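Student: Predicted model, plus sequence, below.
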Amino acid sequence: MQSPNLFYHRLYPSMASSDASFRRTKWRYLLLLALAELLAMGLWFSASAVVPQLTAAWDLTGAQQSWMTMSVQIGFVVGALLSAVLNLADVIPAHRLFAGSALLGAGANAAIALFVEQAAPALGLRFLTGVSLAGVYPPGMKLVASWSDRDRGLAIGLLVGALTVGSAMPHLLNVLPFAGTTGGLPPWRSVLLAASALAVAGAAIAAFLVRSGPHLATGATFDWRQAAAGLRHRPTRLANFGYLGHMWELYAMWAWVPLYLLASYEQAGWSATGARIAGFGVIAIGGVGCVVAGRLADRVGRTRVTSWSLAVSGACALTAGFLIAYPLWLTVLCLIWGFAVVADSAQFSAAVSELSDARYVGTALTVQTSLGFLLTLGSLRLVPPLVEYVGWTAALSVLALGPVAGIWSMQALRRLPEAAKMASGHR
């Protein structure tokens, strides 16, 4: 592995002696990468946000409504596993993989709006969108790790915060007055096309304005065994298990809480538009949580911050179902939940990047995310039938099982001597 100083001297010889210049260059690249991530990740929930319009247009069943999100999750898992086995995130320049994947995802998403008139082909294209996003998120994390060392938690927190706001963006697009809107919700095709256009802009930023930094080894060669390395190594395995607990809760919360808020607002006679804005806010506020938790984790430790975040989000999952008749208090609680539920996400990724082989960080992060998104299929599919048969309280309480398992894993990791590799020894 090249030393950061030698790499930096070769890349920026006129500024090699200036730490301040390096920091400015570093944060310029990181902010551009965060912007690219924000724009590209709007593809994730673009169809989920317009489920009410699609249900009216295509007479979707409850299962089909769930599959509008689950098909993306499955596609992401398939794409991530292929990427991990082929070491794509380590053998292809990460910014190029990011850009090409974002363009592919934008095309698949736009094709739904331009050519599709029924659910089945839409689900196929949503699957392809998920495959594409596997080339956006993990390579983005690798790019962040390449620019950060002692502040890696903050830097990855910034990226995941951008991902969070980007994931919430379709809910905001769904209340904007697009051309052709005559009242009520905007045309669903306009929302999907707008999300694809934003993803194309993100791809352009990644391709032309973002580059890798000096803090990771280069020149990795194909080695399929690296795909399972993070499960054989106990410290990395525990970090991954903590991430799985977090993911059991996260995407089910993001997918169904906006609809829960809509049900609460309509039951109280409140504005449906207000409910959709609240749904956007509940997801988007997680971007702030990611940055705050990242800054804190670099100072006090990854296992501490992840455990605190899991405890708060798990408590919210146990409480939210009791507040359907009180939309104001429910909104406040869900904003706290939205802040905490994703605040720890970046720290699991930072931990894996610190504990795994530096040559194959991209592969390790891809395996982590693929396992996490595979698990989300269970909680995403579980919530709707639970709501139907036993109500929102029980359905949301089941999500708290993830934080319980995550806290156990992170506390076990904290006791291992290898945990000193994280957050400059802050565990």
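Tutor: Yes, it's here.

Student: Listing request: residues of this protein with sub-threshold pLDDT.
Tutor: Along the chain, the parts satisfying pLDDT under 70 run over 1-18, 89, 177-185, 216-231, 358-360, 362, 423-425, 427.

Student: center of it - which residue?
Tutor: L163 (5.3 Å; CA atoms, centre = their mean).

Student: hang on, L380 packs against Y251?
Tutor: Yes - applying CB atoms under 8 Å as the test, L380 and Y251 come out as touching, 6.1 Å apart. In this view, the C-beta of every residue, glycine as well, is placed from N, C-alpha and C.

Student: Overlap in contacts, those two.
Tutor: Contact criterion CB atoms under 8 Å, 6 or more residues apart in numbering; residues shared by L380 and Y251: T69, Q73.

Student: Compare neighbour counts for these two and give me the winner.
Tutor: Y251 (25 against 22; other CB atoms under 10 Å).

Student: do you know how far P327 is from V160?
Tutor: Using CB to CB, to the nearest Å, one gets 29 Å for the distance from P327 to V160.

Student: Compare those two and say which is more crowded by neighbours.
Tutor: Neighbours were counted for P327 and for V160 using other CB under 10 Å; V160 has more, 31 against 23.

Student: Give the closest residue to that one in space, chain neighbours not counted.
Tutor: A346 (4.0 Å; CB to CB, 6 or more residues apart in numbering).

Student: ok, the one you found - contacts?
Tutor: G153, I156, G157, L159, V160, G161, C290, A293, G294 are the contacts of A346 under CB under 8 Å, 6+ apart.

Student: What's the local residue count around E388?
Tutor: 10.

Student: and what of T61?
Tutor: 11.

Student: returning to that earlier point: now render the contacts of A346 as TSV, adding distance to V342.
Tutor: Shown next, in TSV, are the contacts of A346 (distance: CB to CB, whole Å):
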residue	distance to V342
G153	14
I156	12
G157	10
L159	12
V160	7
G161	8
C290	6
A293	9
G294	11
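
Student: out of those residues, which are inside helices?
Tutor: Using DSSP state H, the subset of the contacts of A346 located in helices is G153, I156, G157, L159, V160, G161, C290, A293, G294.

Student: right, and the third one touches L296 too?
Tutor: No - with contact defined as CB under 8 Å, G157 and L296 do not form a contacting pair (9.2 Å).

Student: which of those two has more neighbours?
Tutor: A side-by-side neighbour count of G157 and L296, using other CB under 10 Å, places G157 first with 32 against 21.

Student: Spatially nearest residue to the more buried one, not counting backbone neighbours?
Tutor: Among residues not flanking G157 along the chain, G294 sits closest, at 2.3 Å (CB to CB, 6+ apart).

Student: Tell me how many other residues crowd that neighbour.
Tutor: 29.

Student: got it, and R150?
Tutor: 11.

Student: So it: helix, strand or coil?
Tutor: coil (DSSP: H, G, I helix; E, B strand; the rest coil).

Student: Look up phi and psi at it.
Tutor: phi -70, psi -20 (degrees, to the nearest 10).

Student: I'd guessed it sits against A350; true?
Tutor: No - between R150 and A350 there is no contact under CB under 8 Å: 11.3 Å.

Student: mind checking how far the helix or strand hosting Q347 is from the chain centre?
Tutor: For Q347, the element it lies in under DSSP states H and E is helix 345-355. How far helix 345-355 lies from its chain's middle: 14 Å, per CA atoms, centre = their mean, to the nearest Å.

Student: swap in stretch 383-396?
Tutor: For stretch 383-396 - counting by CA atoms, centre = their mean - the centre lies 24 Å from the chain centre.
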